[in-house]
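Participant: Provided below for reference: sequence and predicted model.
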Amino acid sequence: MPFDIQLLAPIIAIQLILAVIALIDLARREAYRVAGGKKWPWALGIIFINTLGPIVYFFVGRKD
Amino acid sequence: MTSHPMIRKEFNELVRTYKILIIPIVFIALMITQPITMKMLPDILANSTGLPEGAVIKIPTPSAPEVLSTAISKFSSLGTFVLILIVMGSIAGEKASGVASMVFVKPISRAKYYLAKAITYYTLTIASMLIGMGITAYYTEILFGKLDWTHVWIGTLMYIPNLFLVVTTTLCASSYFNNAVGAGGASLVFNILIFTVPQFLGKFLDMVSPGGLSNAAMMMIQENSTLSQAFITGLPGLAGVFTLNIVFFFMGWYFLERSEI
């Protein structure tokens, strides 16, 4: 497949930025302030679900 | 930022919840996928299974303005949803968690509280939309060829009142309901109705509805009419959407003054 990596560069960059912000926020947060009370499922979701994982974490995963 | 303490408080809130980073990024992500999929469409089709042997696919390459205008139409549904998700908790969430009652103990009028929220979210919406559109337009120009930037910016500015309407109605629902999910649901239903129904209700209502305004904005971006022509087409839409904005703004203010906190 003639796959042009430059074409996809912005999407990859956006995905990386979102994932890094979400992971930093998750790392600095105590476990009881995360929905579900456990941190590792959210980390898996943020890393392995493209774009939607970090967004769902930001809107649903954090409890203040 | 500004000197007003309530606006500074809202701004700090945006920074603390990372909303100030997420919203521009999400807007960019929603819009920039369109030029990329349009560019890769022949490849995607060629690699899809189930095509008979020797099928020939010919897709004419769309022009840059066409791609950009489809990007805005793709953005409108998901972008509305994201905006509602962001704004829905702004007042209702603070009422539920007790922050609002702590604020109103101090000598701060409810009008100031409401106005500060509206101003911050409007500013955030404008900035994110301009950033997202600028980056998408730049990328479209690289992939598909020349764009006329005056048309792009004016078209974007004409589209922004629609996003304002989403923010205003969500704030209004948020000051009426006491929990964020109820506010978001009510606002979502209302926005789906106001964006889809008027086009079936006759020519005049279609012209002054938000849908009419986004059509005019897309026409502006497509560059197949002069600036003044496209602007005149959008004028009824602008008037209608601004009226709706003002009505819901004051309605939300009224709900907040009346609600017991």
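Facilitator: Perfect, I can see it now.

Participant: where does the chain have low pLDDT?
Facilitator: Looking at chain A here, since you left the chain open. Along chain A, the model assigns pLDDT under 70 to residues A:1-4, A:64.

Participant: was after chain B, sorry
Facilitator: Counting by pLDDT under 70, chain B shows low-confidence ranges at B:1-3, B:49.

Participant: and the helices in it?
Facilitator: B:5-16, B:19-47, B:64-87, B:89-97, B:99-105, B:110-144, B:149-176, B:180-196, B:203-208, B:210-222, B:227-258 (DSSP state H).

Participant: using TSV, lay out these together with mean neighbour count.
Facilitator: Bear in mind the C-beta positions are built from the backbone N, C-alpha and C, glycine included. Compiled in TSV, the helices of chain B are given as follows (neighbours: other Cβ atoms under 10 Å in any protein chain shown):
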stretch	mean neighbour count
helix B:5-16	15
helix B:19-47	18
helix B:64-87	21
helix B:89-97	21
helix B:99-105	13
helix B:110-144	19
helix B:149-176	23
helix B:180-196	18
helix B:203-208	15
helix B:210-222	24
helix B:227-258	17
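
Participant: in JSON lines: those, plus distance to A:Ile14.
Facilitator: Compiled in JSON lines, these are given as follows (distance: least, Cβ to Cβ, whole Å):
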{"stretch": "helix B:5-16", "distance to A:Ile14": "19"}
{"stretch": "helix B:19-47", "distance to A:Ile14": "5"}
{"stretch": "helix B:64-87", "distance to A:Ile14": "14"}
{"stretch": "helix B:89-97", "distance to A:Ile14": "24"}
{"stretch": "helix B:99-105", "distance to A:Ile14": "32"}
{"stretch": "helix B:110-144", "distance to A:Ile14": "10"}
{"stretch": "helix B:149-176", "distance to A:Ile14": "20"}
{"stretch": "helix B:180-196", "distance to A:Ile14": "24"}
{"stretch": "helix B:203-208", "distance to A:Ile14": "35"}
{"stretch": "helix B:210-222", "distance to A:Ile14": "22"}
{"stretch": "helix B:227-258", "distance to A:Ile14": "30"}
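
Participant: out of the ones you listed, which is closest to B:Val56?
Facilitator: Set against B:Val56 and scored by Cβ to Cβ, the helices of chain B come closest in helix B:19-47, at 10.4 Å.

Participant: now the phi/psi pair for A:Leu36, please.
Facilitator: Rather than Leu, residue A:36 is Gly. Taking degrees, to the nearest 10, you get phi 90, psi -20 for the backbone angles of A:Gly36.

Participant: quickly find the element holding the nearest residue to it once chain neighbours are set aside.
Facilitator: Spatial nearest neighbour of A:Gly36, chain neighbours left out: A:Trp42 (7.6 Å); criterion: Cβ to Cβ, 6 or more residues apart in numbering or on different chains. Here A:Trp42 sits within helix A:40-48, counting by DSSP states H and E.

Participant: of all of chain A, which residue lies closest to chain B?
Facilitator: When distances are taken as Cβ to the nearest Cβ, chain A approaches chain B most closely through A:Ile14, which lies 4.9 Å from it.

Participant: right, and that residue touches B:Ala29 too?
Facilitator: Yes. The pair A:Ile14 / B:Ala29 is scored as a contact, 4.9 Å apart, by Cβ atoms under 8 Å.

Participant: check the contact lists of these two and give me the overlap.
Facilitator: Common neighbours of A:Ile14 and B:Ala29, using Cβ atoms under 8 Å, 6 or more residues apart in numbering or on different chains, are A:Thr51.

Participant: contacts only, for the residue nearest to A:Gly36.
Facilitator: Each residue near A:Trp42 by Cβ under 8 Å, 6+ apart is listed here: A:Leu26, A:Val34, A:Ala35, A:Gly36, A:Tyr57, A:Gly61.

Participant: so the last one makes contact with A:Gly37?
Facilitator: No. Taking Cβ under 8 Å as the definition, A:Gly61 is not a contact partner of A:Gly37, at 11.3 Å.

Participant: please identify which of these two sits among more neighbours.
Facilitator: Neighbours were tallied for A:Gly61 and for A:Gly37 using other Cβ atoms under 10 Å in any protein chain shown; the higher tally belongs to A:Gly61 (23 against 9).
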